[in-house]
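>>> got a sequence here, can you model it:
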Amino acid sequence: MSDSDITLLLDQWGCGDRSALDKLAPLVYPQLRSIAASCLRREHKGHTLQATGLVNELFLKYLARREARFESRSHFYALSAKLMRLALIDHARAAAVVKRGGDAARVPLHEEMPWVDAAGPGMLDLDRALSELEALDPEQARMVELRFILGCSVEETAELLGVSKSSVDRKVRLARAWLYSRLEQAK
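Purely as a prediction, here's the structure:
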């Protein structure tokens, strides 16, 4: 099936056709699992979340929504990025409750954002900062989610958002600098 078929199934699902979700899930599941695996590769060894579990949690969140309206395939993947981010944040919150051991390794969220610990309380600060960024510039926030939470390449991000690669590079650089400054202020 083509990308337009996925968009059509998303629209049918949004209009209440639950059978569309049955057709959609196998089409998007491999891509979502690949994205989840990419996110989790940056987590520490022995992480309790697995890519399959993260995607299953994502689908549970979709099923719990009363409305599943998606403007496009890129909107679906952007929302998926946000929901995966929230799942990782929930996991970080749960880990923060547990007493920290001195031998816990610090794992950067992404090689381009080494100052954010993916397995620590820094994810909570990042979530707050991303929410602030989203209020200021929703497109930059989506780009950060796609690039650093979902692990999309610059090319994939540009394609999903319908912008040029140079626009993604420029806006992500600005967003990364803004986030760094915001997170340093929060310390």
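>>> could you say which helix or strand holds the residue nearest in space to the middle of the chain?
In the chain, the residue lying closest to the centroid (C-alpha atoms, centre = their mean) is residue 81, at 2.5 Å. Following DSSP states H and E, one finds residue 81 within helix 73-97.
>>> try residue 163
With DSSP H and E as criterion, residue 163 is part of no helix or strand.
>>> now it: phi and psi?
With angles defined as degrees, to the nearest 10, residue 163 shows backbone torsions of phi -130, psi 170.
>>> which stretches of this protein have low pLDDT?
When residues are selected by pLDDT under 70, those of the chain lie in 1-2, 39, 41-48, 64-68, 92-123, 186-187.
>>> before we move on, back to that, what separation do you get for the nearest residue to the residue nearest to the centre of the chain once chain neighbours are set aside and residue 182?
Leaving aside its sequence neighbours, residue 81 sits nearest to residue 145 (C-beta to C-beta, 6 or more residues apart in numbering; 3.9 Å). C-beta coordinates here come from the backbone N, C-alpha and C atoms, glycine included. Applying C-beta to C-beta, to the nearest Å, the value for residue 145 to residue 182 is 16 Å.
>>> export the helix or strand that contains residue 124 as PDB, just CAs?
For residue 124, the host element (DSSP H and E) is helix 122-136. Output of helix 122-136 as PDB, limited to C-alpha atoms (Å, rounded to 0.1, in the frame of the first residue of the first chain):
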ATOM      1  CA  GLY A 122      16.500  15.500  32.500                       C
ATOM      2  CA  MET A 123      13.700  14.000  30.300                       C
ATOM      3  CA  LEU A 124      11.200  15.700  32.600                       C
ATOM      4  CA  ASP A 125      12.900  19.000  32.100                       C
ATOM      5  CA  LEU A 126      13.100  18.400  28.400                       C
ATOM      6  CA  ASP A 127       9.400  17.700  28.300                       C
ATOM      7  CA  ARG A 128       8.600  21.000  30.000                       C
ATOM      8  CA  ALA A 129      11.000  22.900  27.700                       C
ATOM      9  CA  LEU A 130       9.600  21.200  24.600                       C
ATOM     10  CA  SER A 131       6.100  22.200  25.700                       C
ATOM     11  CA  GLU A 132       7.300  25.800  26.000                       C
ATOM     12  CA  LEU A 133       8.900  25.600  22.600                       C
ATOM     13  CA  GLU A 134       5.700  24.100  21.100                       C
ATOM     14  CA  ALA A 135       3.800  27.200  22.400                       C
ATOM     15  CA  LEU A 136       6.400  29.400  20.700                       C
END
